[in-house]
Every structure is written in C-alpha cells, then in structure tokens.
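In: Sequence and predicted structure are below.
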Amino acid sequence: MSDTPDTEELKCLSLIEVMAVPQERRVIALGTLRAIKERDEAREALMKIEELFIDGTDIYADREKMGMIARDVLEKIYEH
C-alpha cells in the first residue's frame, strides 16, 4: 500500500503515546485512524481497477477482476 503522510505520521506513534491520550479522545483518534486506513485501502483498490480499465485487453475478464477488487475492499472495510 502506498502510504499517505497521514498514515506515515500515525505509524510513528508508539503504544505508550496512544495510551497517554485521554479515553474520550482515544476513541476519536482510533476512529480517525480506521477512516484513514479505509481511505488508503479504497484508493489502492481504485488504482488497481484503473490499471485494468486502461490496459485491459479481455473486456469480460477485466470487468470480472474489477468487480472482485471492489468487492474485496468493501468487504474488508465493512468487516470492522
């Protein structure tokens, strides 16, 4: 996955720093982290779909692959 500046910055946080945040703010921070991760996963899936769309030679098979990529990322996002 190609990380954005948001995810790069969040990866630098240690567990101690996260636990030092007050509980009510921690819930918001974790929700924001989840939203950023979901955004990045969706962006990566869209890039794969775009690549298939542009370079596709077998229309039916490519559309099937695009659908599977979209379905997989949506299932992953909505598992939470």
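Out: Now that the structure is in, tell me what you want to look at.
In: Can you pull the poorly scored residue ranges out of the protein?
Out: 1-16, 18, 80 (pLDDT under 70).
In: mind listing the helices for it?
Out: Secondary structure of the chain, counting by DSSP state H: helices at 5-11, 15-19, 23-55, 59-78.
In: What is the neighbour count of G31?
Out: Counted with other CB atoms under 10 Å, the neighbours of G31 add up to 10. To be clear about C-beta, it is placed using only N, CA and C from the backbone, and glycine gets the same treatment.
In: residues contacting it?
Out: By CB atoms under 8 Å, 6 or more residues apart in numbering, the contact list for G31 is empty.
In: quick one: it from I77, how far?
Out: Separation of G31 from I77 (CB to CB, to the nearest Å) stands at 14 Å.
In: Repeat that for F53.
Out: Using CB to CB, one gets 21 Å for the distance from F53 to I77.
In: ok, these two, which is more surrounded?
Out: Using other CB under 10 Å as the criterion, F53 and I77 rank with I77 on top: 16 against 11.
In: now that one, nearest residue through space, not along the chain?
Out: E38 (4.8 Å; CB to CB, 6 or more residues apart in numbering).
In: Tell me how many other residues surround the one you found.
Out: 16.
In: The one 4 residues further on now?
Out: Each residue near A42 was counted by other CB under 10 Å, and the total is 15.
In: how about it, what does it touch?
Out: Per CB under 8 Å, 6+ apart, neighbours of A42: 73, 77.
In: centroid residue for the protein?
Out: Among the residues of the chain, the one closest to the centroid is E41, at 2.0 Å (CA atoms, centre = their mean).
In: Please name the nearest non-neighbouring residue to it.
Out: V73 (5.5 Å).
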